[in-house]
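> need the 3D shape of this:
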Amino acid sequence: AVVSTQSTGDIPLKKINMSSNPQNPPANSLPLKDLIDDGLNSNTKQNVNWLNAWHDPVANIKAYSPLLELADLYGDGDFKLLIADLDKKLKVYKGTSLVSEHNLLEVPVALVSYYFEQSTPAIPAVAVASGPYIFIYHNLKPYFKFTLPLPHVDPIETEVWNDLKNEKIDGNRAKEIFKSANDNGKSLSQKSMDLLAIQDQTKVQEFVKINKNQPLVQPASITCMTSLKKTREDTTAVSSLVVGTESGQVIILEPNASSILKKITVNSPPSFLAASGLFDVEYRIVIACRNGRIYTMKNGDLTGVTFELEVPAVGLVRIDKHVYVGCTDNVIHAYQIRGKRAYSLYMPAPILNMELLHHSTTNSKALLVALANGELRMYYEKSLISIMQLDPTSSTPSAYVIGTQNAAIVSAMKFGHFGRETGALILVFKGGALQCKILSRTSSNLSQLPALSGHPVEQDIPLKVPKKTKLYVEQTLRERDGPIEMHRVFQRELYKLRLATARSYYKVIQDTQGPLSYTAGTSIRLTAQVQGIGPLFKLKLLIENTGKRSLQDITITFMHKPELYNVSTPVIQIPVLVPELSYKVEAKLESLNAENGGEEPIRVFVCPPNSSLPLVTAIINIPNPEIPFQT
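Numbering: from 1, shown residues only. Modelled structure (predicted):
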């Protein structure tokens, strides 16, 4: 029999196949109370309602977040769940059913669904990264295999192994050379690293004797993978694969993965990649590496922006103009794209997973964080808007007590389209359980949700107020006995400050360092404006002779750093300045440096013909160019 439940409010319509024998339900069926839930619990603090759609405690999934993907495999609008299991299986879920399994040749590292061609209907390809290979499936059938090129072996390493082969040096001397090269950031092959790991001196010579005649090759392996749109921002637009390798390379492939478009090298193997933009227009790739540094790649070149982390990163998510980096010290740092840290979010437990929540209907974006204490937190910018306790043994949220055995250790997390729902959250737990939660439509507009009320825990800790010291008591008695004298001292110091300010202002006027000048009986007012959004600007100067006599042969000149700016007319001659008339002067300015263009101002001098001092000076602050430079 088929039991149908009516859809009320945000609860979707579900159909459950019930067995004829109530004591032996089918394997994929779940109790009705587990499939339909309002997402609320007395032990859960949240402004966001999560509907518990599906729970499979015996799914036996072994996967991490990079191995989960939601894709419209057949172009019919019904999104499937793809899981690249560590048991070398590619599993495909449709709704609550496992519809197919496909054997993989190697243990998977990353899984990406992308479109490599325009077709009707638009059918994506599935790319599975394993070791040095990328296996591409189309219609869930093998389509293409890409093999990473072998990394370049350092010439010093090649020379050392040749000397070992010709017995010019011994193994201990080779270890010293390899250790020095490794400390200087050189990438060594696995054979050299194995030699460095040997501590016993007798085993060093034995290792050299066995391996000195072996070919020196450095195997390539993939560490992370993502996709980058090529020409358009559409959902079904053609994309390219972006791959990070163990040798510290970041490679951008052709859409069909037949060749390499761009390749750069960083100082450490990448752990996480976040790509944005369009390859044919402008794009950025944020690269988090194992050495605790985060690099930025812009249009195929590394920029000078580097984020220095105190501890290694465990997660990387980019939301608009901020890059969120989760660290092993339970802190999430939010960086601006130019490298400045905006703020930090402190977690009560170690960070397990980070995921971008992007609701396509309302275009709302938030940060999902899964913690080791069983909490699933949602942040909208700085605000914490939801805390949900997870339990892998149940389909409903429950309270979690630190130290219990049923800790909700989330090993993988993915948010996106699943089935016909636009806001589905897939959770994989360490024990192999699989859960699916749906974001309710009343909570989809995250920007209008209030932050969770309550003060921080630190405010409950009383401050250690020091006792009244002898010095404090004496100061109090002095203020009580001589208030008149103290007021007179305050007034005297205030008058001295006003006098110093007036003298400084008078000196500025006399030295013609301000926009007004009264030197030698002349009076000139200079006003400067900047027009444009860069990198080309227009400087508009308005000069007014407020004195009573005319000025002749006036020169206007600009002082700036030549490596930052270029002024079309650096010297402008004005024959005469008639009193009570305004003169407009324009000059074109080009900013030559996109990163540091707004750091240094430009000084404008109005000079008389027979004086070493200018009549008036103006300082113009040039804004940073808003239009990107073409390289």
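
> E206 should be in a helix, yeah?
Yes - the assignment for E206 is a helix, going by DSSP: H, G, I helix; E, B strand; the rest coil.

> could you report the separation of it from I198?
Per Cβ to Cβ, to the nearest Å, E206 is found 9 Å from I198. Every C-beta, even on glycine, is put in place using the N, C-alpha and C of the backbone.

> between the two, which one's more packed in?
Comparing E206 with I198 by other Cβ atoms under 10 Å, the one with more neighbours is I198, at 16 against 12.

> and the closest residue to I177 other than its chain neighbours, helix, strand or coil?
Among residues not flanking I177 along the chain, V160 sits closest, at 5.3 Å (Cβ to Cβ, 6 or more residues apart in numbering). Classification of V160 using three-state DSSP returns helix.

> please report how far V160 lies from K179.
11 Å.

> comparing the two, which residue is more hemmed in?
Per other Cβ under 10 Å, whichever of V160 and K179 has more neighbours is V160, with 23 against 14.

> show me what contacts that one?
I169, A174, I177, F178, S192 (Cβ atoms under 8 Å, 6 or more residues apart in numbering).

> ok, which pair from those is furthest apart?
I169 and S192 (13.6 Å; Cβ to Cβ).

> can you flag which of the contacts of V160 belong to helices?
Residues of the contacts of V160 located in helices (DSSP state H): A174, I177, F178, S192.

> what is the nearest of those to T469?
Using Cβ to Cβ, F178 comes nearest to T469 of the ones in helices among the contacts of V160, at 61.5 Å.

> just give the number of residues close to that closest one.
The number of residues near F178, taken as other Cβ under 10 Å, comes to 21.

> quick check: the gap between it and L195.
From F178 over to L195 the distance is 6 Å, taken as Cβ to Cβ.

> just the CA atoms of the host helix or strand of K437, as CSV, please.
Assigned by DSSP states H and E, K437 belongs to strand 434-439. The C-alpha trace of strand 434-439 is given here as CSV (Å, rounded to 0.1, in the frame of the first residue of the first chain):
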residue,chain,number,x,y,z
LEU,A,434,23.6,9.6,5.9
GLN,A,435,21.1,12.4,6.5
CYS,A,436,19.3,14.9,4.4
LYS,A,437,17.8,18.1,5.8
ILE,A,438,15.9,20.8,3.8
LEU,A,439,15.9,24.5,4.5
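
> the closest residue to M225 other than its chain neighbours and P149: what is the separation?
The shortest distance from M225 to any non-neighbouring residue, by Cβ to Cβ, 6+ apart, is to A110 (3.8 Å). A110 sits 18 Å away from P149, going by Cβ to Cβ.

> also I264?
Counting by Cβ to Cβ, the gap from I264 to P149 is 14 Å.

> tell me which of those two has more neighbours.
Legend: neighbour count by other Cβ under 10 Å for I264 and P149, higher for I264 (16 against 13).

> right, and V107 touches K88 too?
Yes - taking Cβ atoms under 8 Å as the definition, V107 is a contact partner of K88 at 6.0 Å.

> so where is the stretch 101-250 of the chain shaky, pLDDT-wise?
185 (pLDDT under 70).

> let me see the ranges of the strands in it.
Assigned by DSSP state E, counting those that start in this stretch, the strands in the stretch 101-250 of the chain fall at 110-114, 125-130, 133-138, 141-147, 222-229, 239-245, 249-253.

> just put the ones you listed in TSV and tack on distance to L471 and mean neighbour count.
Below are these laid out as TSV (distance: least, Cβ to Cβ, whole Å; neighbours: other Cβ atoms under 10 Å):
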stretch	distance to L471	mean neighbour count
strand 110-114	65	23
strand 125-130	68	24
strand 133-138	72	19
strand 141-147	75	13
strand 222-229	60	21
strand 239-245	61	25
strand 249-253	61	22
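
> any regions of the stretch 501-631 of the chain where pLDDT drops low?
509-521, 594-599, 626-631.

> hey, where'd the helices end up in the chain?
Using DSSP H, helices in the chain cover 32-35, 155-165, 171-183, 190-197, 201-211, 470-481, 483-510.

> which parts of the third one are buried?
Meaning helix 171-183. G171, A174, K175, I177, F178, A181 (16 or more other Cβ atoms under 10 Å).

> quick one on the thing from earlier: so the residue nearest to M225 makes contact with Y64?
No - the criterion here is Cβ under 8 Å, and A110 misses it with Y64 at 9.2 Å.

> can you lay out the strands of the stretch 101-250 of the chain as CSV showing distance to G534?
Output for the strands of the stretch 101-250 of the chain, formatted as CSV (distance: least, Cβ to Cβ, whole Å):
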stretch, distance to G534
strand 110-114, 34
strand 125-130, 39
strand 133-138, 40
strand 141-147, 40
strand 222-229, 26
strand 239-245, 29
strand 249-253, 28
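
> P269 is nearest to which of these?
When these are ranked by distance to P269, counting by Cβ to Cβ, first place goes to strand 222-229 at 5.3 Å.

> what helices and strands are in contact with the closest one?
Contacts defined by 3 or more Cβ pairs under 8 Å, 6 or more residues apart in numbering; DSSP states H and E place strand 222-229 against strand 110-114, strand 125-130, strand 239-245, strand 270-278.

> paired strands for the first one, with orientation please.
Each strand that strand 110-114 pairs with, and the sense of that pairing, follows from DSSP bridges: strand 125-130 (antiparallel).

> between the strand it pairs with and strand 249-253, how many degrees?
160 degrees (axes from the mean of the first three to the mean of the last three Cα atoms, to 10 degrees).

> run a quick neighbour tally on K262.
There are 18 residues near K262, going by other Cβ under 10 Å.

> let me see the contact set for K437.
When the contact criterion is Cβ under 8 Å, 6+ apart, the partners of K437 are G39, W50, L51, N52, A53, A424, L425, L427.
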